[in-house]
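[1] Sequence first, then the predicted structure, then my questions.
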Number of protein chains: 2
Amino acid sequence: MEGVIHVVGLGPGSRDYLTPAAERVVTQAEVLVGGRRALDLFAGLSAQRVEITGRLDDAITAIRACYRNHRVVVLVSGDPGFYSLLAVLRRHFPPEELEVIPGISSIQLAFARLKLPWDHATLISLHGRELSILQPFLDKFPLAILTDPVHSPSQIGQYLLSQGVTNRQARICQDLSYPSERIIVTDLEGMAAMEAMGNAVVVITDE
Amino acid sequence: MEGVIHVVGLGPGSRDYLTPAAERVVTQAEVLVGGRRALDLFAGLSAQRVEITGRLDDAITAIRACYRNHRVVVLVSGDPGFYSLLAVLRRHFPPEELEVIPGISSIQLAFARLKLPWDHATLISLHGRELSILQPFLDKFPLAILTDPVHSPSQIGQYLLSQGVTNRQARICQDLSYPSERIIVTDLEGMAAMEAMGNAVVVITDE
């Protein structure tokens, strides 16, 4: 539908978690807007592509230029409403011009892999934020944290130790849903000593 | 795989939100365990069926009797880790005997339909619980509540008003993902006066 921006959650990355609802909307796109990895997932489609790099403003400008005349689909990993693009798009477009398809967050897949319920978990993203936002949650667990290359599991481990937190188990879920998926079970000291990595989900428990 | 209980999140109800990962595990089942609506979704499969009624203990007994020799798949609506069966199964089976496939919670679809982010929302289920558990969250919003026939939107509205809560918008999301899906936007007084309904998602905001 023209005049509506379709915001589609792709899930953690693999097509295994892409819903039919998401797939249907994406295949009808005339313009696909998303990060490199998301666009690559649909390399076979003939839609025009707008790659989101660091500068979100450029993507907003590109969407604004064409969504009234073309079917624009914005691809996001995970769920659009969970530490993702929906909040940004809401600042630029009225709700009636948005259609949102939910997706599985990598945090949901992390808890599934760990066989842990997450209804009582504290869920936090460090994308674009400071480690100190963890401060009010030091005694909460399970505590699940979306990390990024800037805020690595190692830095989180060092921060928690510096705040006097002890006796925690840390599970670092890396590359969830990809063939390279890996889950590392350690303690805060072990996590603090880990090498840097890309996006991951860290789940801290008291077990 | 025998000896492993596969716990599969089906999403809010319609196949539109059933992931390929979930579909693959379900189609390989020898025994399907689930509520009537979940079992009906796979009426075409030849697997043996165990219907979960009110008595969860019976389902646990049935699973225990066959999971070492048969591929057992437990079907749950939404996400197994979000106010669902995973917590119960963890009390009866060790984690290494469980495999969990995440699903889209109806709360995620509710926020998608309302075009609202949910990363800062408070998420609560009233299934099998008392209205008074809402007490600590009266000044939190968005506040999302999974209702059931016992704790209807009407009762929630009456409870919130009785606690002196005012100036809230209430959005009641009914039959999400089904053709009968309906979203009602009202205030607490309007919600308090509503007729009873089955499962729904209520989202309270200050807008």
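    Received the coordinates, thanks. Note that the coordinates shown come from a computational prediction; the quantities given were computed from them, not determined experimentally. Numbering: from 1, shown residues only, chains lettered A, B, ... in the order given.
[2] and A:Val165, that one's in a helix?
    No: A:Val165: not assigned to a helix; according to DSSP: H, G, I helix; E, B strand; the rest coil it is coil.
[3] residues of the helix or strand of chain A with the lowest mean pLDDT that come out buried?
    Sorting the helices and strands of chain A by mean pLDDT, DSSP states H and E puts helix A:56-66 at the bottom, at a mean of 93. For helix A:56-66, a neighbour-count test (16 or more other CB atoms under 10 Å in any protein chain shown) marks A:59-60, A:62-63, A:66 as buried. Heads up, the C-betas are built off the backbone N, CA and C, glycines and all.
[4] Make JSON lines from the residues you listed and add distance to chain B to it.
    Converted to JSON lines, the buried residues of helix A:56-66 look like this (distance: CB to the nearest CB, whole Å):
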{"residue": "A:Ala59", "distance to chain B": "17"}
{"residue": "A:Ile60", "distance to chain B": "16"}
{"residue": "A:Ala62", "distance to chain B": "20"}
{"residue": "A:Ile63", "distance to chain B": "15"}
{"residue": "A:Cys66", "distance to chain B": "20"}
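[5] would you list those residues in TSV and tack on distance to B:Gln48?
    Putting the buried residues of helix A:56-66 into TSV (distance: CB to CB, whole Å) gives the following:
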residue	distance to B:Gln48
A:Ala59	50
A:Ile60	53
A:Ala62	53
A:Ile63	50
A:Cys66	53
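[6] ok so, going back, quick one: distance of the least confident helix or strand of chain A to the chain centre.
    Between the centre of helix A:56-66 and the centre of its chain there are 21 Å (CA atoms, centre = their mean, to the nearest Å).
[7] Helix or strand next in line after it, which one?
    Sequence-wise, the next helix or strand downstream of helix A:56-66 (DSSP states H and E) is strand A:72-76.
[8] Give me the mean pLDDT for stretch A:112-129.
    Averaged across stretch A:112-129, pLDDT comes to 95.
[9] Where do the strands of chain A begin and end?
    A:5-9, A:31-34, A:48-51, A:72-76, A:98-101, A:122-125, A:143-147, A:169-174, A:182-187, A:200-205 (DSSP state E).
[10] Pull out the buried positions in the last one.
    The neighbour-count check on strand A:200-205 (16+ other CB under 10 Å) flags A:200-204 as buried.
[11] So which residues on chain A come close to chain B?
    Within chain A, the positions lying close to chain B (CB under 8 Å from any CB of the partner chain) are A:9, A:11, A:15-21, A:24, A:79-84, A:86-87, A:90, A:95, A:98, A:100-104, A:108-109, A:111-119, A:123, A:125.
[12] Domain-wise, how is chain A divided?
    A:5-104, A:107-205 (automatic domain parsing).
[13] that older thread, packing partners for the least confident helix or strand of chain A?
    Helices and strands touching helix A:56-66, as assessed by 3 or more CB pairs under 8 Å, 6 or more residues apart in numbering or on different chains; DSSP states H and E, comprise strand A:31-34, strand A:48-51, strand A:72-76, helix A:86-92.
[14] quick one, which of those is packed in tightest?
    With neighbours taken as mean count of other CB atoms under 10 Å in any protein chain shown, these reach their highest mean count in strand A:72-76, at a mean of 26.
[15] Can you list the neighbours in contact with it?
    A:5-10, A:25-26, A:28-35, A:38-39, A:41-42, A:47, A:59, A:63, A:66, A:80, A:84-86, A:89, A:103 (CB atoms under 8 Å, 6 or more residues apart in numbering or on different chains).
[16] Kindly supply the ChimeraX command isolating those of these that are buried.
    Applied in ChimeraX, the following selects the buried portion of the contacts of strand A:72-76 according to 16+ other CB under 10 Å:
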select /A:5,6,7,8,9,10,25,26,29,31,32,33,34,38,39,41,42,47,59,63,66,80,84,85,86,89,103
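[17] in chain A, which ranges drop under the pLDDT threshold?
    Along chain A, the model assigns pLDDT under 70 to residues A:1, A:207.
[18] who touches stretch A:48-67?
    A:2-5, A:30-36, A:39, A:70, A:72, A:74, A:85, A:88-89, A:92, A:97.
[19] same thing but 7 Å
    A:3, A:5, A:30-36, A:39, A:72, A:88, A:92 (CB atoms under 7 Å, 6 or more residues apart in numbering or on different chains).
[20] of all those, which comes closest to chain B?
    Checking those against chain B by CB to the nearest CB gives A:Val88 as the nearest, at 9.4 Å.
[21] what sits against the closest one?
    When contacts are counted by CB under 7 Å, 6+ apart, A:Val88 touches A:Leu56.
[22] Bridging across strands, which residues link to the closest residue to A:Ser84 other than its chain neighbours?
    Nearest non-adjacent residue to A:Ser84, counting by CB to CB, 6 or more residues apart in numbering or on different chains: A:Val76, 4.9 Å away. Counting by DSSP bridges, A:Val76 is bridged to A:Gly9.
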